[in-house]
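> starting from these lines, generate the structure:
(one chain, ligands or ions: 1)
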Amino acid sequence: MSLKNKTAIVTGARQGIGKGIVLALVKEGCNIVVSDIVEDDCKKVVEEIEKLGVRGLAVKCDVSKKDEVDNLIKKTIEKFGKLDILVNNAGIYPFKSFMEMTESDWDKVMNVNLKSIFLCSQTAAKEMNSGSKIINISSIAAFVGFEGLVHYCASKGGVNAMVRALALELAQKKINVNVIAPGAIDTPGATSSEEQKKQTISAIPWARMGTSEDIANAVVFLASEKSNYITGQVIVVDGGWTLR
Ligand SMILES: NC(=O)c1ccc[n+]([C@@H]2O[C@H](COP(=O)([O-])OP(=O)(O)OC[C@H]3O[C@@H](n4cnc5c(N)ncnc54)[C@H](O)[C@@H]3O)[C@@H](O)[C@H]2O)c1
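Predicted structure coming up:
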């Protein structure tokens, strides 16, 4: 499943699932644009991957801002001359009870988790050729409710619904658009107490939290030509959590 000399952008890539995706794509030979809101952290990831023999580029980008997204794609083309794979991974999940949620809490989550997919995918698709891949990280929160995450659940449901329509339009350009919906993944963003972790694990048939690698392995498949006939689909990677 070699992705040698492909160019990939990963958003939200300085840590967690995003960084796991970067490392997995690097193993397949991809050159990577490491993008996040903290530039120094992106540069550290680039230093790390360049030691593994691929080329990297760090670009600061808040995915909810059109001018920064435009700059991300422009810098990518300037450095690598093409874009083959876009992984829309950046996302936030700030807990807030519904009755205390403000309009700005709602807007922030929608902008970072959903509007970003519109901005990044549209700008990227203008540069992409036939055979390119757009992979979006949504969540099982699109299928099951989580208290304190009404805005988040709505945003991730939006991603899944949006991708079905987007995949139809981009089929004309033979660009595959798919979604991975992770379950509970152990990342810096998903901090929880040992007690909460135990409770979560008790709901997972696989009896463990997921890792960034679990998600990254599915990304590698969707980024490869092995998935050429799959588009507009959601792959749930949750150790069986949503089966019950
Ligand atoms: N960890 C989980 O259990 C879990 C479960 C389901 C889905 N997800 C999804 O996976 C993705 C990654 O989550 P994670 O757990 O690795 O989180 P994380 O907080 O560890 O990493 C998210 C990254 O996104 C970046 N980011 C935040 N706002 C941004 C913005 N406006 N522009 C660009 N980058 C921004 C952060 O700086 C961070 O590096 C998210 O979309 C999240 O919703 C995570």
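
> center of the protein, which residue is that?
N89 (1.8 Å; C-alpha atoms, centre = their mean).

> what does this structure have sitting close to the ligand?
Contact residues (C-beta under 6 Å from any ligand atom) of the chain with the ligand: 11-12, 14-18, 36-37, 61-64, 89-93, 112, 137, 139, 182, 184-185, 187-190. Bear in mind the C-beta positions are built from the backbone N, C-alpha and C, glycine included.

> doesn't A124 make contact with D70?
No. D70 is beyond contact range of A124, at 10.6 Å (criterion: C-beta atoms under 8 Å).

> which one's more surrounded, these two?
More crowded of D70 and A124, by other C-beta atoms under 10 Å: A124, with 21 against 13.

> show me where this protein has its strands.
Here the chain has its strands, by DSSP state E, at 7-11, 31-36, 56-60, 85-88, 133-137, 176-182, 234-237.

> mind putting the ones you listed into a markdown table with mean pLDDT?
Formatted as a markdown table, the strands of the chain follow (pLDDT from 0 to 100):
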| stretch | mean pLDDT |
| --- | --- |
| strand 7-11 | 99 |
| strand 31-36 | 98 |
| strand 56-60 | 98 |
| strand 85-88 | 99 |
| strand 133-137 | 99 |
| strand 176-182 | 99 |
| strand 234-237 | 98 |
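
> for these, give me CSV that also has mean neighbour count and distance to I49.
Output for the strands of the chain, formatted as CSV (neighbours: other C-beta atoms under 10 Å; distance: least, C-beta to C-beta, whole Å):
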stretch, mean neighbour count, distance to I49
strand 7-11, 28, 11
strand 31-36, 28, 6
strand 56-60, 21, 5
strand 85-88, 28, 14
strand 133-137, 26, 18
strand 176-182, 25, 21
strand 234-237, 18, 23
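
> longest helix of the protein?
helix 150-170 (DSSP state H).

> distance of L114 relative to K96?
17 Å (C-beta to C-beta, to the nearest Å).

> so which of those two has more stuff around it?
Neighbour tally, L114 and K96, criterion other C-beta under 10 Å: the higher count belongs to L114, 21 against 16.

> dump the residue contacts of that one.
S155, G158, V159, M162 (C-beta atoms under 8 Å, 6 or more residues apart in numbering).

> so how far is the ligand from the last one?
If I follow you right, that is M162. 14 Å (C-beta to the nearest ligand atom, to the nearest Å).

> need the per-residue pLDDT for the closest residue to that residue other than its chain neighbours.
Spatial nearest neighbour of M162, excluding adjacent residues (C-beta to C-beta, 6 or more residues apart in numbering): I117 at 6.4 Å. Reading off the confidence values, I117 has pLDDT 98.

> check the burial of I117 by counting its neighbours.
For I117, the count of nearby residues is 27 (other C-beta under 10 Å).

> so it sits against V159, correct?
Yes. Using C-beta under 8 Å, I117 is in contact with V159, at 5.7 Å.
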